[in-house]
Structure formats: C-alpha cells, structure tokens
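Trainee: sequence first, then the predicted structure, then my questions.
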Amino acid sequence: MAPRWGKKKKPPVGFDDVEPTLEALENELRDRVKESNEGKRKTESLWPIHQINWQKSRYIYDMYYTHNRISRQVYEYCINQKLVDSSLIAKWKKSGYERLCSTYVINPSNYKFGTTSICRVPIYDRSEEARAAKDPTTGCSGCASGKGAGPGNIFGNKYGQNLAAVQVARENRMKEIEQQREEQKSQIQQGDEETDDGEEETDDEEEDYGPTPAAGVWAGSEKLQTESEIIGDDQAETNDESPAPKKQRTN
C-alpha cells in the first residue's frame, strides 16, 4: 500500500530522512489493529493506538526541536498532513507536560471525580500499591515531568523508545565506523599491515547496533538501546530545565 502522505501534496526535500520510520510505524499500527483482542481487557486493545501515536509524534518533534535533523518545512508538512498528533505536540511545549503520553489522560471527563490519570502522578508521590500502576487506556506507567517522576520508557516496551535518539545513535555510530575505515585505508597506503581480526571487529561492532531503519526502526540491540537512552536522558534533562525552543519560520 502506498504511503498516504504522497497523495495530496508532494513531500518537501528532506522528508525521505524520516519517511522510512513513519512508514514503519504506520504499518505497525495497521498490523496491531488487525490483531485479535482475545484475552485482553477492552481498554488494552487501545494501547498500541495511543502508544504508536505518541512514538510517531515524539519522533518528528525530537527530530526537529531536539536534534535539528529536519527542516521546518518537513516538520510542518507532517503536522499539516496529520502524520503526527499536533495537539499532543502542542502540550509538550508547555511546562509540566514535556513527557505527556496522550491528551486523553489529562481530560477530567475521562476519569471519575473529575481528576486525571494515575500516570500523571509522579511515582515518588504515589502510594506503594500504585507505583506500578498503568493508565488503563494508554498503558502509560508514568509521564509526569521532572527527574525521577517516571520511567525513561513510559510504556515499558518498544513503543516507548525514543526513535529520534535511536536514529541519531545509529548515524553517529556509522560515522565512527566510516572514519575507522578511512584510517585503516590510510594506514595501508602508508605500508602498515592490517589483520583480518581487526576488520572483523569493526564489522561486529556495526552489527551490535542491530538492523538499519529499513529493516527495523526500533533499537535492535542492548548496545544501541543503551546509547539511545543516554541521548534521550540528556534531552529529558534539557526539556525539564526549559521549554522547547521557539524556532523562527523560514521563508
């Protein structure tokens, strides 16, 4: 099935940098919706919808605001084509909502007594019995802002991974590998001998980072997951200290 974003308006230059990930998430959502809900609570069938919506929106938000990897034209294209949740993104720009899992959990009409979801309560403010609680509709374990207010991966699964950080970690690693190869070529040209073991070690390190985005957008190895979490933690600390930067519109 052809991607829906090419039907009405031609994507801007640079969209191909994020298209593989967006397409993979669209396909993932389609597959999860088709799955049988046998053995699940009624609300659990909604978890993938909320979680993939969060991950897709977070990916574009971070690629633009945090990592400066896409242009404003690409960002606005994703907003205008409704490829991401603009309402959720708008909330992330406000203090106290930087990690919000869904606009559903802050709507008092969705909960008894006109409150909000348990996932909005910092873990350190919860009772012992409620510390492991998840929102019944989104599956979020905790999306309150602040250090120690909730887990780094708010869903505790691959949909809670920061895909922008995963992509940045992959790109950084590939640059390192390319630089190593260039250095090896330079040494060979100077007459230095290179062992086969050295070359295999570089290839092994490349494989440690798991499949490329064309094969899988999520972190496919513990090594890549750790590196992306470090990048994500740095981003989270920045977000907690100040709201998202305002970028000027470009002509």
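Mentor: Done, it's in. Note that the structure is predicted; figures quoted are calculated from it, not measured. Numbering: from 1, shown residues only.
Trainee: just checking, residue 133 touches residue 126?
Mentor: Yes. At 7.3 Å, residue 133 counts as touching residue 126 under the criterion of C-beta atoms under 8 Å. The C-beta positions use only the backbone N, C-alpha and C, and glycine is treated the same way.
Trainee: between those two, which contacts overlap?
Mentor: Counting by C-beta atoms under 8 Å, 6 or more residues apart in numbering, the shared contacts of residue 133 and residue 126 are residue 118.
Trainee: what about the helices in the chain?
Mentor: All helices of the chain, identified by DSSP state H, fall at 19-34, 47-61, 72-80, 86-92, 163-189, 196-207, 222-241.
Trainee: for the second one, name the packing helices and strands.
Mentor: Using 3 or more C-beta pairs under 8 Å, 6 or more residues apart in numbering; DSSP states H and E as the contact criterion, the secondary-structure elements in contact with helix 47-61 are helix 19-34, helix 86-92, helix 163-189.
Trainee: and the contacts of stretch 109-121?
Mentor: Contacts to stretch 109-121, defined as C-beta under 8 Å, 6+ apart, come from residues 101, 104-108, 126, 130, 133-135, 137-138, 140-144, 150, 154.
Trainee: 7 Å instead?
Mentor: 101, 104-106, 108, 130, 133-135, 140-144 (C-beta atoms under 7 Å, 6 or more residues apart in numbering).
Trainee: of the residues you listed, buried ones?
Mentor: Using 16 or more other C-beta atoms under 10 Å as the burial test, these include 101, 104-106, 133-135, 140-144 as buried.
Trainee: got these as JSON lines, with pLDDT and distance to residue 120 columns?
Mentor: Output for the buried ones among the contacts of stretch 109-121, formatted as JSON lines (pLDDT from 0 to 100; distance: C-beta to C-beta, whole Å):
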{"residue": "101", "pLDDT": "98", "distance to residue 120": "9"}
{"residue": "104", "pLDDT": "97", "distance to residue 120": "11"}
{"residue": "105", "pLDDT": "97", "distance to residue 120": "6"}
{"residue": "106", "pLDDT": "97", "distance to residue 120": "7"}
{"residue": "133", "pLDDT": "95", "distance to residue 120": "11"}
{"residue": "134", "pLDDT": "96", "distance to residue 120": "12"}
{"residue": "135", "pLDDT": "96", "distance to residue 120": "8"}
{"residue": "140", "pLDDT": "97", "distance to residue 120": "9"}
{"residue": "141", "pLDDT": "97", "distance to residue 120": "11"}
{"residue": "142", "pLDDT": "97", "distance to residue 120": "8"}
{"residue": "143", "pLDDT": "97", "distance to residue 120": "7"}
{"residue": "144", "pLDDT": "96", "distance to residue 120": "6"}
